[in-house]
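# Please find the sequence and the predicted model below.
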Amino acid sequence: MANAQYQRDLLNESGAEMLAICTSQLEKAKDAFLNHDSDLAEEVILNEIRVNALDLRIEKSCEKFLALYNPVAIDLRFIMAIRKINFDLERIADHACSISKYVVEVDEKISSHLFEVLQFQKMYDTIVKMLDNISEAYTNKDVKSARKVFKKDKILDKINTDSFAILEIEIKKDNNIISEALLLFSVIKKMERVGDLIKNIAEEIIFYIDAEVLKHKKKK
Amino acid sequence: METVIEQIPLDKTIDPSLKKKAKIEVKDIKVWYDDFNAIKGIDMDIKPNTVTAFIGPSGCGKSTFLRLFNRMNDYVESFRMEGKIKVNGNNIYKKKVNVEELRKEIGMVFQKPNPFPKSIFDNVAYGLKIQGITDKQLIEERVIDCLKQVALWDEVKDDLKKSAMALSGGQQQRLCIARTLAVQPSIILMDEPTSALDPISTAKVEELIFKLKEKYTIIIVTHNMQQASRISDYTAFFYLGELIEYGKTKTIFTNPEKQQTENYITGRFG
Amino acid sequence: MNNIQKNRLKDQIFKIWGIGCTLFALILLVFFIGDILIDGIMRIDWGFITDLPSRKAEKSGIYTALMGSIWILLLTTAIAFPVGVAAGVYLEEYSNKNKLSAILEINISNLAGVPSIIYGLLGLEVFVRIMGLGASVLAGSLTLSLLILPIIIVATREAIKAVPKSIKDASFALGASKWQTIWNQVLPASSGGILTGVILALSRAVGETAPLIVVGALAYVPFAPESPMDEFSVLPIQIFNWISRPQHGFIENAAAAIIILLLITFIMNGIAVYFRNKWQRKLN
């Protein structure tokens, strides 16, 4: 079964590669948005091609593995998990690309006051930590690290829920900030979505390693 | 001579599903060939009307264990065993048990198709002949019925007097199954029944096993793990004479309890 | 000359040597048969076969000797066939495979090679004298049965061994007893081999001279046997008798009788070959 093992290892590496690329895309996009850095934003947009290519490659490898090697038990769960993780990572990269497009298309820089009031930095930091947890969980096949993201996601949810009320107040204070506010609102929504996607990835990793299905269950 | 399982008189062609369901209990079975401890203490319960697959690497004792159920190991001089095998509560290894009666209840299909060098009809009728049944009509009905059950009837109905040796490998194996069915057993043992057959014949035999499950309890030894996962309800994994894991096939192949089992089914050893 | 050429040369040499030897044997056989045919074929007519032996060569026939041979053949078959096959079945199927049976197996094969005259002496002592059967067809048949028994036993055992174990397994798995398996599967499957062995053994018996002379078959018997207790003669003895006569006519008679004897042997061997081929085809 050496061939199957080899293919499986390759697939594992591709998964790690995808994780790394999408993480970096998201981080760059957030930096570009925070600092209104259009050069960085362009880089993210251009890199999207690489992400899509890797996504297709992984899909094809999974199909081949299923057809040729009849995986069962842990191997089967691995293939099932990798496909879903891949799908979610691709969508995270998509969000990163959209955020970058905002930076390129909109000229004005967003005021730091708004960022502060909406706890944008905290959201940003939380997501970075969640991505670290996932990376660790994936690389070390460690369920504990994966579980850490569930609590963090609640932070993101709260910031997202609060943002509507906060932006309402700020807009009433000063009408001119409406376009900034709408933009920021949009990005915060996207970040909350990214948090959800990271949570999905954590569930898939736990399924793969422990054969425990967490979808639709109450998380600890 | 004591009979192990209550027999319904065979002068009537009776729907086998009316027979008693055969429940099998294995209690602490150990087997030696001279000094070699081939089976080291196995407990197992097999439910009626299920297909149970025995898997494991070569030489782990699966075939030896299978042959315990119809006492075919008795013919090996160095064979020695301890423990009990109960079919419907009766220990089949008690001294008073009539082995020939036992084998009418528990039939066996072998790895290499082994039809007798006789006609197709005589092959299937043999089991009835040795029981002293002479009712020609009964025999003919039973032969036709069994050939139909194994989906061989259409292929051979034009010439039942043809020699069985002229059939293809897959047909011969189905004939051997028909022959076993003719004596109306409640349990059928199969020792790698498709390992000598081509993929199409294998598929036909597997389809047959799936159909037979309704009326019989089937135990099948197989080297082919995909076969085990395709057709069995329960799977038992053997290694070096021990039963490592036994459970629902679905569980064994998605999330086995023992690491050894997982290593074997994912091909990491064996 | 390199290796390839050397090997080819060796190949050729061996081929030529083989063909040569075969041709040599065939030519000898043709010569022998031809010689006999020339000497004796003209003598064979219906009278030859039905006449009793007489002092005059032209009037001498093989009737009594032929009848004697047929009697011996039938009686020996009746005795040796069931006894030999039963012994073969027992030794192969029922006896435990231990040291004793191994010794037994070796000794039976040895018996097949014992000079036939020894059997004659044994027959003389046991059947003719102790059992008081006299120089009868029965005594002769019993003696010859002893002679060919080992051959039949060995042939039976070999034929039974050739029946695949899988057939027996299948029979047992269906609930057949040991005897049912032997009677319904093993014997029918091995019947060709057994028959072949029996026929070959009998065709040897037909040609035996020495043990029958010892037992007391006479050279000059003016009547055909009518019961097993009668005295008798057989073809080989008749041939032997005629050859030792000085008159030329008897040489012709002897040649003619040899042709008849050869004919019987060839026919019996032919039947054996036919059965063996049919048997091998059935098992495959």
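Perfect, thanks for sending it.
# distance between whatever helix or strand C:Ala87 lives in and the chain's centre?
Using DSSP states H and E, C:Ala87 sits in helix C:63-89. Centre-to-centre, helix C:63-89 and its host chain are 10 Å apart (Cα atoms, centre = their mean, to the nearest Å).
# Show me what secondary structure element comes after it.
Criterion used, DSSP H and E; the element after helix C:63-89 is helix C:99-111.
# Would you mind measuring from the residue nearest to C:Ser101 when sequence neighbours are not counted to C:Pro188?
Spatially, and ignoring its direct neighbours in sequence, C:Ser101 is nearest to C:Ser95 (4.9 Å; Cβ to Cβ, 6 or more residues apart in numbering or on different chains). For the C-beta atoms, the positions are set from N, CA and C on the backbone; glycine is no exception. To C:Pro188, C:Ser95 is 22 Å away according to Cβ to Cβ, to the nearest Å.
# shouldn't the residue nearest to C:Ser101 be in contact with C:Ala102?
No - taking contacts as Cβ atoms under 8 Å, C:Ser95 lies outside contact range of C:Ala102: 10.3 Å.
# where does chain A have low pLDDT?
A:1-2, A:218-220 (pLDDT under 70).
# what about 80?
A:1-2, A:107-109, A:212-220 (pLDDT under 80).
# Around chain B, pick out the residues from it.
Within reach of chain B by Cβ under 8 Å from any Cβ of the partner chain, chain A has these residues: A:1, A:4-5, A:70-77, A:211.
# which of those residues count as buried?
Buried residues within the residues of chain A next to chain B, defined by neighbour count using 16 or more other Cβ atoms under 10 Å in any protein chain shown: A:4, A:70-77.
# okay, the residues you listed in a markdown table with secondary structure and distance to B:Arg179 next?
Putting those into a markdown table (DSSP: H, G, I helix; E, B strand; the rest coil; distance: Cβ to Cβ, whole Å) gives the following:
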| residue | secondary structure | distance to B:Arg179 |
| --- | --- | --- |
| A:Ala4 | helix | 40 |
| A:Asn70 | coil | 33 |
| A:Pro71 | coil | 39 |
| A:Val72 | coil | 35 |
| A:Ala73 | helix | 38 |
| A:Ile74 | helix | 42 |
| A:Asp75 | helix | 40 |
| A:Leu76 | helix | 39 |
| A:Arg77 | helix | 43 |
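# of C:Ser95 and C:Pro188, who's got more company?
C:Pro188 (15 against 12; other Cβ atoms under 10 Å in any protein chain shown).
# The residue most central in space within chain A: which element?
Centroid-nearest residue in chain A, with Cα atoms, centre = their mean: A:Ile92, separated by 3.9 Å. Assigned by DSSP H and E, A:Ile92 belongs to helix A:73-105.
# Name the nearest residue to the residue in chain A that chain C sits nearest to, ignoring sequence neighbours.
Of all residues in chain A, A:Asn70 sits closest to chain C, at 31.8 Å by Cβ to the nearest Cβ. In space, and not counting its chain neighbours, A:Asn70 is closest to B:Gln226: 6.0 Å by Cβ to Cβ, 6+ apart.
# what does C:Ile258 give?
C:Ile36 (5.4 Å).
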